[in-house]
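>>> Here's a sequence, model it:
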Amino acid sequence: MTAAAVLPWVLSCTTITVMWLAGNKRREAWWLGFASQTLWAWFAIEVKAWGMFPMIAALVIVYARNAWKWRATPETGVEK
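As a prediction, this is how the structure comes out:
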């Protein structure tokens, strides 16, 4: 089985998990989403879908921003 055959399933599960965690207000959602973009990039390269790279870059920025904004403050220990 090739990576191009397996990756869509892994990516689908990862994306659904990220959205589920975000809906439950879990900070880990953004870090998982951020990390999953490496898999999206791998998939884009495997299938030569170069047009996916602007989306990947944008999501890296959005996930990093959201992870930063959802960090706990030292004073309260509560997420912003």
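>>> use CA for all of it now, contacts and neighbours both
Noted.
>>> Would you mind listing the residues in contact with the residue nearest the centre of the chain?
Geometric centre of the chain, nearest residue: G33, 1.6 Å, by Cα atoms, centre = their mean. The contact partners of G33, by Cα atoms under 8 Å, 6 or more residues apart in numbering, come to 14-15, 18, 60, 63.
>>> how close does it get to K69?
Separation of G33 from K69 (Cα to Cα, to the nearest Å): 15 Å.
>>> so for stretch 16-35, what's the average pLDDT?
The average pLDDT for stretch 16-35 rounds to 93.
>>> Regarding that stretch, how distant is the last residue from the first?
14 Å.
>>> Any buried residues in that stretch, and which?
18, 21, 27, 29-34 (16 or more other Cα atoms under 10 Å).
>>> Sitting in helices, which of those do you find?
18, 21, 29-34 (DSSP state H).
>>> Could I get the pLDDT score of T73?
T73 is assigned 60 on the pLDDT scale.
>>> do the same with M52
At M52, pLDDT is 96.
>>> separation between it and W40?
8 Å.
>>> Can you pick out the residue with more neighbours from those two?
Neighbours per residue (other Cα atoms under 10 Å) separate M52 from W40, with W40 holding more: 19 against 14.
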